[in-house]
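1. Pasting a predicted model and its sequence here:
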Amino acid sequence: MILRGGRIIDPANNLDIVGDLRVAEGKIVAVGGSLAGDSGEQVIDCAGKVVAPGLIDIHVHLRVPGQEYKEDLESGLASAAAGGFTAVACMPNTKPVIDNAPIVRDLYAQATPITGKTGARLHVIAALSKGMHNKELAEMGDLRDAGAVAVSDDAFQVQDSEFMRRAMEYAKMLNLPVLAHCEDTSLTEGGAMSEGYEASVMGIKGMPREAYEMHVARNCLLSLMTGAHLHVLHVSTAREVEIIRFFKQQGANVTAETGPHYWCLTDEACRGYNTNAKMNPPLRTSADIVGIIAGLQDGTLDCIATDHAPHARYEKDQEFSFAPFGIHGLETSLALGITHLVKPGHLSLSDLVLRMSAAAARILNLPGGNLSPGAPADITVFDPDATWIVEPEKFVSKGKNTPFGGAELTGRATMTIVGGEIVWEEA
Amino acid sequence: MSVINFAGRDLLGLEGMSRDEITTILDTATTFSEVLRRDVKKVPTLRGKSVVTMFFENSTRTRSSFEAAGKYMSADVINISGSTSSATKGESLKDTFLTLQALTADLVVMRTPHSGACHQAAEWVNIPVVNAGDGTHEHPTQGLLDLMTLRDAKGSLEGLTVAIVGDIAHSRVARSNIWGLHAMGANVRLVGPSTLLPADADRLPVTVFTDLHAGLEGADVVNVLRLQLERQARALFPTEREYSRLFGVTKSALRVAKPDVLVMHPGPMNRGLEIGGDVPDLPQSLIEKQVTNGVAVRMAVLYLLLGAEG
Amino acid sequence: MAETQVMDAGEVRRALTRIAHEIVEKNKGTERVVLVGILRRGEPLAARLAEIISRIGEGDVLFGAVDIALYRDDYSVRHAAARTTRVPFDITGKTVVLVDDVLFTGRSVRAGIAALMDLGRPASVQLAVVVDRGHRELPIRADFVGKNLPTSRSERVNVHLSELDGGEDGVFIEKPEAAL
């Protein structure tokens, strides 16, 4: 297969050229220049398109096992492919929780017939604690050996500092990154959106930024103390970025991510009690957006991850305080990056690709994220200029819960290739 | 002023309502006060219209006020309470509303502990929804009856200084009063302990005070909010004794206000706590008038929302 | 829009004076008579009739005004602003003369009668109007008529009263655009 005449952007290899790319036997075999097609070889015209390493989202909720009505592996991995992702890492807050090796193995077994056919690759993040109760450590060694790529109690924030310390020490021994949702829940209990003017007017209990910032600082300190690799999930405030920047300068083994909604939206999106704008961490202010963008520019925020959190419509069609946190992420992420980061000049297209592929892979020590000859052919082809209107009903994902419905965005994946196989192609 | 046609609209809050809109409702309510003074308090206007009141919180006062308003106008009033509704059996609010709509209710009045639930319901159904108090968000008919009572007493709201005293953060009455008074040209003060003021209160169209004396100084009107005693458990104030000493609106606290200061309270009162034991009985207390006007305001709301669009 | 004047201020004044005399004559005095105007134009008309009756030496007659918005049969098809009924006397046992500017379909009068009945139980109700333009939809007729005015259904009859409209009194027929 030859991808003909696209703009090849491969930040891991410092490459940004127009040329051809050849895939054979599931691998990338040649990059750049003008390649003559062999007889019978498939040639795909990529003129005007970007040929990039397959995008990787290291923070998605695929709801398997137990909540397949929200999403299942088939819909989730196909949704990833439709969004241009060739690999995702799924979170363990499932029912039951992914806290033992058999569940991890079962997930990989379930994904095998999907990956490279109709969907992306799957990586499994296991629970940090048994049942995600933050009381007893999960069998991390066993989980690692079953293929878990990291541990996290995402959605069940670790409040007990001693427990977090021990978990980090143990995870470090096993070379597993600890992914942390940082939030002091004593400050946010009962809250449903960011504390501030909007919440005050709406009469909604606020979740102050400080609740998040203090746990980012705490976890960074524990990372310094233990040497564990801390990855801060979904950074939402400007001060969190500053805290992470400070600790990185101190030499802490800390990485961080943010999600598209944190550079696109503020808490004003909640007006009218829009439950599709309800997520945790909550949407903040325009000053935070400035800080988030600065963090992406200087690399304090290493990567972009969506926190893809599909929910059934009837679950979001509830009182604002009852509606679950979280939004659909996979099928809008690339476009939100191009529309709100690249087009206004905050980030180069190459840097966007970096933060959505190679940088993400590096955090979880995943293969992929580059177009090096010999590497598995995980490739995303996207049209950086295509404009489209977000129509949630057309999402491949079961989750239609997005605050971006009706938005006109620029940039769209046109073809997603996993292991040399086209798993998604724009109709 | 232009008269506004409210037919088919919802009444969800006073935020964003214009002076003309509020004036239309108050003027209409004033005409209905006459009906309330008749021997036979019944007009046939809403004959054949069904009004459902659905209360997920106890509120004898507001519910009976809406019920009286509907019945005085000959509407069929169907009361659904939290305990008899399917809400406790796990049916979602949306399904409940769709059912009410299918049962051909013409208008739904809802009281809910959840801020915004009325806004959401209004999007789910085509019939008008009236907010009878939603969580800590708004209580628009209370705000309107407060405005009406004040306008009756003072002639106009323009330029009045109104101090709202108490637990602002958790008060839907306060929010509706803030927006309504602001739209009508009054100066609004919020007075309360810092723990009971909403975040970013200074961005509201108000002046904020944490000292009762300063907050009442020169005020034309003091609107005292009910103190929910359960707030004490959450460390929002130390004791009832200290609260009433620092923020209780007593006769002596009122001395710094205008000599003809008017006192309001949405009820039910904790006499001797947020309001001095004898203050509700002072001649300048409007508290009973508030209750009567509540019925007139709710009649006006039903009349305007259920009316013809032409 | 074309307006044709059909009564001038003098004709309105003379019509009201005649109606005042007829009310006195029909009721053999004014002992039990009260006047209630239908809001809005019936209100100043009732006040004027009371003033004329007083001026011609037939005593002081109580007068008030009744709002019919709450009694209309077209609540669900036409928006009407509600106004305040002001009848500060008991109508039970009285002869109530209902006063309006124009008698057309009879529906306003029907609503006016219903509104009166909620205020008390009059001994009888009579009806006085400045103009009767025909096209009745209900079995209602006026006891006292200033002028019978043949009209087509699509025309409008506008009664200008100085108290409400400023300027001079007058009655006008307005033809719809399409008829021009």
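-> Now that the structure is in, tell me what you want to look at.

2. going forward, measure contacts between C-alpha atoms and count neighbours the same way
-> Will do.

3. quick one, phi psi at A:K248?
-> phi -60, psi -40 (degrees, to the nearest 10).

4. I meant C:G64, not that one.
-> According to degrees, to the nearest 10, C:G64 has phi -150, psi -170.

5. who does it bridge with?
-> Following DSSP bridges, C:G64 is listed with bridge partners C:V36.

6. distance of it from C:D90?
-> C:G64 sits 11 Å away from C:D90, taking CA to CA, to the nearest Å as the criterion.

7. out of the two, which sits in the busier spot?
-> When C:G64 and C:D90 are compared for neighbours, C:G64 comes out ahead with 22 against 12, by other CA atoms under 10 Å in any protein chain shown.

8. Find the nearest non-adjacent residue to the residue most central in space within chain B, please.
-> The residue lying closest to the centre of chain B (CA atoms, centre = their mean) is B:Q142, at 1.6 Å. Here the nearest residue to B:Q142 in space, its sequence neighbours aside, is B:V173; by CA to CA, 6 or more residues apart in numbering or on different chains that works out to 6.5 Å.

9. Would you confirm that that neighbour contacts B:H139?
-> Yes - counting by CA atoms under 8 Å, B:H139 is a contact partner of B:V173 at 5.4 Å.

10. Can you pull up the residues of the stretch 101-250 of chain A that come close to chain B?
-> With CA under 8 Å from any CA of the partner chain as the criterion, the stretch 101-250 of chain A comes near chain B at residues A:E195, A:G196, A:Y197, A:S200, A:V201, A:M202, A:G203, A:I204.

11. Among those residues, name the buried ones.
-> A:E195, A:G196, A:Y197, A:S200, A:V201, A:M202, A:G203, A:I204 (16 or more other CA atoms under 10 Å in any protein chain shown).

12. Just send these back as a markdown table, with distance to chain C too.
-> A markdown table is the format used below for these (distance: CA to the nearest CA, whole Å):
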| residue | distance to chain C |
| --- | --- |
| A:E195 | 43 |
| A:G196 | 41 |
| A:Y197 | 37 |
| A:S200 | 36 |
| A:V201 | 32 |
| A:M202 | 32 |
| A:G203 | 34 |
| A:I204 | 37 |
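
13. Among the residues you listed, which one lies nearest to chain B?
-> Chain B lies nearest to A:G203 out of those, by CA to the nearest CA, at 4.0 Å.

14. Pull the number of nearby residues for the residue lying closest to the closest one once chain neighbours are set aside.
-> Of all residues not flanking A:G203 in the chain, B:H137 sits nearest, at 4.0 Å (CA to CA, 6+ apart). When counting by other CA under 10 Å, one arrives at 28 neighbours for B:H137.

15. tell me the pLDDT at B:H137?
-> You'll see B:H137 listed with a pLDDT of 98.

16. what does C:L161 give?
-> Here the pLDDT value assigned to C:L161 is 96.

17. returning to what we had before: and which of the residues of the stretch 101-250 of chain A next to chain B is nearest to A:G374?
-> A:E195 (50.1 Å; CA to CA).

18. For that closest one, give me phi and psi.
-> According to degrees, to the nearest 10, A:E195 has phi -70, psi 140.

19. before we move on, the earlier item: can you tell me which residues contact the residue nearest to B:Q142?
-> Taking CA atoms under 8 Å, 6 or more residues apart in numbering or on different chains as the criterion, B:V173 is in contact with B:E138, B:H139, B:P140, B:Q142, B:G143, B:L225, B:P266.

20. for B:Q142, same thing?
-> So B:Q142 contacts B:V173, B:S176, B:P266, B:G294 (CA under 8 Å, 6+ apart).

21. Assumed the third one was part of a strand.
-> Yep, that's B:P266 we're talking about. No - using DSSP: H, G, I helix; E, B strand; the rest coil, the assignment for B:P266 is coil, not a strand.

22. Excluding chain neighbours, what is closest to it?
-> B:L225 (6.7 Å).

23. From A:K316, how far off is that neighbour?
-> Taking CA to CA, one finds B:L225 at 33 Å from A:K316.

24. In terms of neighbours, single out the busier of the two.
-> Neighbours were counted for B:L225 and for A:K316 using other CA under 10 Å; B:L225 has more, 25 against 21.

25. Quick check: which ranges of chain C have low pLDDT?
-> In the predicted model of chain C, residues C:1, C:178-180 satisfy pLDDT under 70.

26. for it, longest helix please?
-> For chain C, the helix that runs over the most residues, judged by DSSP state H, is helix C:9-26.

27. Let's test this: mean pLDDT of stretch A:273-286, rounded?
-> Mean predicted lDDT for stretch A:273-286 stands at 98.

28. can you give me the helices in chain C?
-> C:9-26, C:42-55, C:107-117, C:162-165.

29. Could you provide those helices in CSV, with additional columns for mean neighbour count and distance to chain A?
-> CSV is the format used below for those (neighbours: other CA atoms under 10 Å in any protein chain shown; distance: least, CA to the nearest CA, whole Å):
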stretch, mean neighbour count, distance to chain A
helix C:9-26, 17, 57
helix C:42-55, 21, 46
helix C:107-117, 20, 42
helix C:162-165, 12, 44
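
30. Save those as TSV, and put in distance to A:E25 too.
-> Listed next are the helices of chain C as TSV, based on distance: least, CA to CA, whole Å:
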stretch	distance to A:E25
helix C:9-26	102
helix C:42-55	95
helix C:107-117	88
helix C:162-165	91
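
31. Using a markdown table, lay out these together with distance to chain B.
-> Conversion of the helices of chain C to a markdown table gives the following (distance: least, CA to the nearest CA, whole Å):
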| stretch | distance to chain B |
| --- | --- |
| helix C:9-26 | 28 |
| helix C:42-55 | 16 |
| helix C:107-117 | 8 |
| helix C:162-165 | 17 |
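
32. residues contacting the residue of the stretch 201-310 of chain B found nearest chain C?
-> Of all residues in the stretch 201-310 of chain B, B:A308 sits closest to chain C, at 4.6 Å by CA to the nearest CA. Residues near B:A308 by CA under 8 Å, 6+ apart: B:A7, B:G8, C:Y75, C:S76, C:V77, C:R78, C:H79.

33. Please pick the buried ones from the residues you listed.
-> B:A7, B:G8, C:Y75, C:S76, C:H79.

34. What distance do you get for the residue of the stretch 1-150 of chain B found nearest chain A to chain C?
-> Closest to chain A within the stretch 1-150 of chain B is B:H137: 4.0 Å, counting by CA to the nearest CA. Using CA to the nearest CA, to the nearest Å, B:H137 is found at 30 Å from chain C.

35. now swap in B:V173 and tell me
-> Distance from B:V173 to chain C, by CA to the nearest CA: 27 Å.

36. Repeat that for B:S74.
-> Distance from B:S74 to chain C, by CA to the nearest CA: 10 Å.

37. what about the residue of the stretch 301-427 of chain A found nearest chain B, is that helix, strand or coil?
-> Per CA to the nearest CA, the residue of the stretch 301-427 of chain A with the smallest distance to chain B is A:E319, at 5.3 Å. Under three-state DSSP, the three-state class of A:E319 is coil.
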